[in-house]
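Novice: show me the folded form of this:
(one chain, ligands or ions: 1)
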Amino acid sequence: MLSQLGQVWVQMETSNRTASHALKTLKVAIDGPAGAGKSTVAQLAAKRLGYLYIDTGAMYRAATWLAVHRGIAITDGQAIADAASKANIRLEQGDESTSNRVKVFVDDQDITHGIRTNEISDLVSPVSSHSPLRKVMVAQQKELAKRGGVVLDGRDIGTVVMPDANLKIYLTASPEIRAKRRLKDLQALGESPVYEELLMSIADRDNRDSSRADSPLKQAEDAVVIITDNLTIDQVVDAIVKLCLAEAEEKR
Ligand code: CDP
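Specialist: Numbering: from 1, shown residues only. Here you go, the predicted structure:
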C-alpha cells in the first residue's frame, strides 16, 4: 500500500515536472494596435511566468531614435537598417522608478524616455515600414525567442516573428480608450498632450501599420482576441496566464 502510494506520488511528480517543463518553454505572442495595453500586460504576464519579455516596439522606437539623432533621413530604410544593426540596442527589465517600463539603451546611452516622445511616436510607423530594417529586427527577435520561455509583443509577432508560438493573443480596444490611456502615459512623463491630437495620431499609426506592404498589423488566424475596453490589467494578465497553463497541460 505504502509503496503503491509512493509509486502514485512518483508518477504525479514526474507528470508535474513534465508540465512545468512545458510551461517553461512556451512562446507567447501578443499583437495589437497602438495603446491596447500590450506592453503592460506582456511585461506582467512574463513576470508571473518567469519568462523573458521582449518589447519589439521599443526596438523599432530605438531605430527611429537613432535615425533622428544621427541625422539619417526617415525615408532611407537601408541607412537606418545599417545603423540599427551596427548599434548595440539593449533592452533591460524596468523597475519601479521607470514605471515598470523596459529600459532601452543605445551603445550605453539610456534612451528609455527619449523613445516615448510624440516626435518618435509619429515617426516610428514610417520607419518601421522599411523592409531592410524589419529584416534586421526580425532576425534579432527570432534569435531571442528561439529557446522559448518568452513573451514578445508587437504587430507581426504571431504572423512573422513567431508563427510557431504556442499562444497568440490579439489585444485591442476602442481608439478612444487607447487615446485616453496614452494621454495618462504621457502625462506621467511630464508632457502635456492634447487628447484629440493623440486620438488622431493613434488612428494614423493604426492605418499605416495595417496597410504597409511588409508585415502589416493583422490578427493571426489562430489568435485569441481580447478586447480590453472593460477589463482591468490584472484581468487580462490572469486570462493570459491561464491560457498558458492550459497550453502547457496540453503540450506535456
Ligand atoms: O506601445 P505602442 O502601442 O505605442 O507601440 P509600440 O509597441 O511601441 O510600437 C511602436 C511602433 O513600432 C508601431 O506603431 C509599429 O509601427 C512599429 N512596430 C512594428 O512595426 N512591428 C513590431 N513588431 C512592433 C512595433
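
Novice: please make it C-alpha for all contacts and neighbour counts, starting now.
Specialist: OK.

Novice: which residues touch the residue most central in space within the chain?
Specialist: Geometric centre of the chain, nearest residue: Asp153, 1.8 Å, by Cα atoms, centre = their mean. Counting by Cα atoms under 8 Å, 6 or more residues apart in numbering, Asp153 makes contact with Ala29, Ile30, Asp31, Lys38, Ser39, Ala42, Ile54, Asp55, Thr56, Gly57.

Novice: tell me, how many residues neighbour the fourth one?
Specialist: Right, the one you point to is Lys38. Neighbour count of Lys38, defined by other Cα atoms under 10 Å: 23.

Novice: the chain should start at 19 in everything you say after this.
Specialist: Got it, first residue is 19 now, which makes that one Lys56.

Novice: now it: how far from Leu189?
Specialist: 7 Å (Cα to Cα, to the nearest Å).

Novice: who touches both of these two?
Specialist: With Cα under 8 Å, 6+ apart as the test, Lys56 and Leu189 both reach Ile48, Asp49, Gly50.

Novice: how much space between the last one and the ligand?
Specialist: Read it as Gly50. Taking Cα to the nearest ligand atom, to the nearest Å as the measure, Gly50 falls 8 Å from the ligand.

Novice: same question, the first one
Specialist: Here the criterion is Cα to the nearest ligand atom. By it, Ile48 lies 9 Å from the ligand.

Novice: for the closest residue to the ligand within the stretch 169-270 of the chain, give the beta-bridge partners.
Specialist: Nearest residue of the stretch 169-270 of the chain to the ligand: Gly172, at 3.6 Å (Cα to the nearest ligand atom). Gly172 has these beta-bridge partners by DSSP bridges: Asp49.

Novice: got a list of what it touches?
Specialist: Contact analysis of Gly172 by Cα under 8 Å, 6+ apart lists Ile48, Asp49, Gly50, Lys56, Asp73, Thr74, Gly75.

Novice: could you do Thr130 as well?
Specialist: Thr130 neighbours (Cα under 8 Å, 6+ apart): Val120, Lys121, Val122, Phe123.

Novice: now the helix or strand hosting Glu194: mean pLDDT?
Specialist: Under the criterion of DSSP states H and E, Glu194 resides in helix 193-206. Over the span of helix 193-206, the pLDDT mean works out to 92.

Novice: swap in stretch 109-119?
Specialist: For stretch 109-119, the per-residue pLDDT averages 67.

Novice: before we move on, back to that, just the buried residues out of the contacts of Thr130, in ChimeraX syntax.
Specialist: One line in ChimeraX is enough to select the buried ones among the contacts of Thr130; burial here means 16 or more other Cα atoms under 10 Å:
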select :120,121,122,123
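
Novice: let me have the contacts of Thr130 in a markdown table, adding distance to the ligand and secondary structure as columns.
Specialist: Converted to a markdown table, the contacts of Thr130 look like this (distance: Cα to the nearest ligand atom, whole Å; DSSP: H, G, I helix; E, B strand; the rest coil):
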| residue | distance to the ligand | secondary structure |
| --- | --- | --- |
| Val120 | 11 | coil |
| Lys121 | 13 | strand |
| Val122 | 12 | strand |
| Phe123 | 15 | strand |
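
Novice: would you map the helices across the stretch 119-268 of the chain?
Specialist: All helices of the stretch 119-268 of the chain, identified by DSSP state H, counting those that start in this stretch, fall at 136-146, 149-163, 193-206, 213-229, 251-269.

Novice: so Ala241 touches Asn184, yeah?
Specialist: No - the criterion here is Cα atoms under 8 Å, and Ala241 misses it with Asn184 at 10.0 Å.

Novice: redo the helices of the stretch 119-268 of the chain as a markdown table? Include distance to Ile98 and mean neighbour count.
Specialist: Compiled in a markdown table, these are given as follows (distance: least, Cα to Cα, whole Å; neighbours: other Cα atoms under 10 Å):
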| stretch | distance to Ile98 | mean neighbour count |
| --- | --- | --- |
| helix 136-146 | 8 | 19 |
| helix 149-163 | 7 | 16 |
| helix 193-206 | 26 | 17 |
| helix 213-229 | 18 | 17 |
| helix 251-269 | 35 | 16 |
